[in-house]
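Colleague: Fold the following.
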Amino acid sequence: MTVHRTIELIAPSGYPHDSEILHRALQRLHAQGHRLEGVEVTRRRYQRFAGTDGERAADLNRLADPSRKLPDVVLAVRGGYGAVRVLHGLDYEGLQRRLTDQPVALVGHSDFTAIQLALLARAGVKTFGGPMLMSDFGAEEVSEFTMHHFWSALTNPTMTVTGKTPQAQTVDVSGMLWGGNLAVLTSLIGTPYMPPVQGGILFLEDVNEQPFRVERMLYQLHLSGILAQQQAVVLGDFSGGKSYDYDNGYDLHAVVEQMRSVIGIPIVTGLQFGHVHNMLTLPVGADAHLVADPHGFTLTLSGYPHLG
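Modeller: You can find the predicted model right below:
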């Protein structure tokens, strides 16, 4: 039996660029019996953004209002760019008071990583890396895998993620799971919005980035001392980067081997997360236990908000 949820839409980054996809996503959620709030954010447009910086920050700050009933799910409309422009305008104290230990799931990925890391750093609020309104709920063919794992992750107090990709390094570590989009995360280094995670398990993904750009960002994380403070790095999907003759075989595999040789912590590959059709939903800020060997990996997660 499908449980009907209240889903509040927020648009901290770009505006919906395709009305057909938007309509399809909204109709699907309505047809499933969910109550949608904040649909008006999909109609705003300011330059390339879904409203002014103030409007987009207000979408999130409304969650701090104790007079409003919290929704079950807060769903990002899409990524793109723009979330970093609203970080200074968020009511972190209010959001911390209102959201800590509450059964509400803030969900998105890509540019939404900036919001997730800022909330973790400044308010200790745990969120979910997962599907978004346009790219996933509005897809021409919705991924049953993505939707099943999304609702399962949001409604269970624990989850286990497995991967069958053979691992070059044997791993058995525990720590906070955190991370998201590599480019967005790297852009927060040196700011108050980068969580000071010690002994964590850092997961990363990106799209349309050349191998050398991926490596450069990983080096920035390494040289800034952030990687040395982690137990392990888990790499998701890095699709879209083109290879060139000039690269002479230098590809993402070469990047991973290079980083393994310098960072001093294990790198696990094959996490089904990122700009992909079949995507996991991962709790950012959860307690995690990662085990990896030549047969694959297992990631066990707990200690995150769930709807029940």
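Colleague: What pairs with the helix or strand containing residue 202, parallel or antiparallel?
Modeller: In the assignment (DSSP states H and E), residue 202 maps to strand 200-207. With DSSP bridges as the test, strand 200-207 is paired with strand 171-181 (parallel), strand 230-239 (parallel).
Colleague: Turn the ones you listed into CSV, including mean neighbour count and mean pLDDT.
Modeller: Yep, even glycine has a C-beta here, placed from its N, CA and C like the rest. Shown next, in CSV, are the strands paired with strand 200-207 (neighbours: other CB atoms under 10 Å; pLDDT from 0 to 100):
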stretch, mean neighbour count, mean pLDDT
strand 171-181, 22, 98
strand 230-239, 22, 97
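Colleague: Quick check: which of the ones you listed is nearest to residue 52?
Modeller: Closest to residue 52 of those is strand 171-181 (CB to CB; 23.4 Å).
Colleague: which is the next helix or strand following the closest one?
Modeller: helix 182-187.
Colleague: still on that earlier bit, give me the contacts around the following helix or strand past the strand holding residue 202.
Modeller: The helix or strand immediately downstream of strand 200-207 is helix 211-223, counting by DSSP H and E. With contact meaning CB atoms under 8 Å, 6 or more residues apart in numbering, helix 211-223 is reached by 182-183, 185-186, 189, 206, 209, 227-228, 238, 241, 243, 247, 250-252, 254-255, 258-259, 262-263.
Colleague: Drop anything exposed from those.
Modeller: 182-183, 185-186, 206, 209, 227, 238, 241, 250, 252, 255, 259, 263 (16 or more other CB atoms under 10 Å).
Colleague: farthest-separated two in those residues?
Modeller: Largest pairwise distance in these, by CB to CB, is 23.0 Å, between 185 and 250.
Colleague: re the thing from before, can you give the distance of the strand holding residue 202 from its chain's centre?
Modeller: Counting by CA atoms, centre = their mean, to the nearest Å, strand 200-207 is centred 9 Å from the centre of its parent chain.
Colleague: Likewise for stretch 236-252?
Modeller: 23 Å.
Colleague: how about stretch 283-294: buried residues?
Modeller: In stretch 283-294, counting by 16+ other CB under 10 Å, buried: 283, 284, 285, 286, 287, 288, 289, 290, 291, 292.
Colleague: What of stretch 115-127?
Modeller: Counting neighbours by 16+ other CB under 10 Å, the buried set in stretch 115-127 is 115, 116, 117, 118, 119, 120, 121, 122, 123, 125, 126, 127.
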